[in-house]
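Engineer: Whatever this is, show me its structure:
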Amino acid sequence: QVQLVESGGGLVQPGGSVRLSCAASGNIFSPNVMGWYRQVLGKPREWVGAITSTGSTNYADSVRGRFTISRDNAKDTVYLQMNSLKPEDTAVYYCYFKRGWDIREPRSYEYWGQGTQVTVSS
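Structural biologist: Below you'll find the predicted structure:
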């Protein structure tokens, strides 16, 4: 089992920045991938991006160039730095964990956190 706890988020103005964190615990073995997806109530979840345990990253087209995923393996923590935020980035953001090397959008999610709300509004 793997447990994930997100933090960060909140209300931010358009054009602003925010950083989310996600701490993992439990049976964490490499290789693994940690990433983020987001969901707006009533809409399908949208994959945001992912990072391998060795630092390779991949992003959705909608966030590439604005969002950056990083991780601290010593702390088993992944970060999502979101810049140039737009109102359409408003969503609940979830981090996820999966075993292996594949950093493409997953077909399903093995483990995910409870989510943290990000609202982009003036």
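Engineer: Skipping adjacent residues, who's closest to residue 109 in space?
Structural biologist: residue 96 (4.8 Å; C-beta to C-beta, 6 or more residues apart in numbering). (Glycine included, C-beta is placed from N, CA and C.)
Engineer: Hmm, residue 108 and the one you found touching each other?
Structural biologist: No. The pair residue 96 / residue 108 is not scored as a contact, 9.9 Å apart, by C-beta atoms under 8 Å.
Engineer: Buried residues in stretch 99-111, which are they?
Structural biologist: Buried positions in stretch 99-111, judged by neighbour count with 16 or more other C-beta atoms under 10 Å: 99, 103, 106, 111.
Engineer: hang on, isn't the last one packed against residue 25?
Structural biologist: No. Taking contacts as C-beta under 8 Å, residue 111 lies outside contact range of residue 25: 10.7 Å.
Engineer: which residues touch the residue nearest to residue 109?
Structural biologist: Residues in contact with residue 96 (C-beta atoms under 8 Å, 6 or more residues apart in numbering) are 4, 34-37, 106, 109-113.
Engineer: Turn those residues into TSV, columns for secondary structure.
Structural biologist: Output for the contacts of residue 96, formatted as TSV (DSSP: H, G, I helix; E, B strand; the rest coil):
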residue	secondary structure
4	strand
34	strand
35	strand
36	strand
37	strand
106	coil
109	coil
110	coil
111	strand
112	strand
113	coil
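Engineer: so can I have TSV of those residues showing pLDDT and distance to residue 76?
Structural biologist: Below are the contacts of residue 96 laid out as TSV (pLDDT from 0 to 100; distance: C-beta to C-beta, whole Å):
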residue	pLDDT	distance to residue 76
4	97	10
34	97	9
35	97	14
36	98	15
37	97	19
106	92	19
109	89	18
110	89	15
111	95	12
112	96	15
113	96	13
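Engineer: Closest one to residue 57 out of the residues you listed, please.
Structural biologist: Of all those, residue 35 has the smallest distance to residue 57: 9.0 Å, by C-beta to C-beta.
Engineer: Quick check: the gap between the closest one and residue 53.
Structural biologist: From residue 35 across to residue 53, the span is 12 Å (C-beta to C-beta, to the nearest Å).
Engineer: can you give me the strands in the chain?
Structural biologist: Ranges of strands within the chain are 2-7, 10-12, 18-26, 32-39, 46-52, 57-59, 67-72, 77-82, 91-99, 111-112, 116-120, based on DSSP state E.
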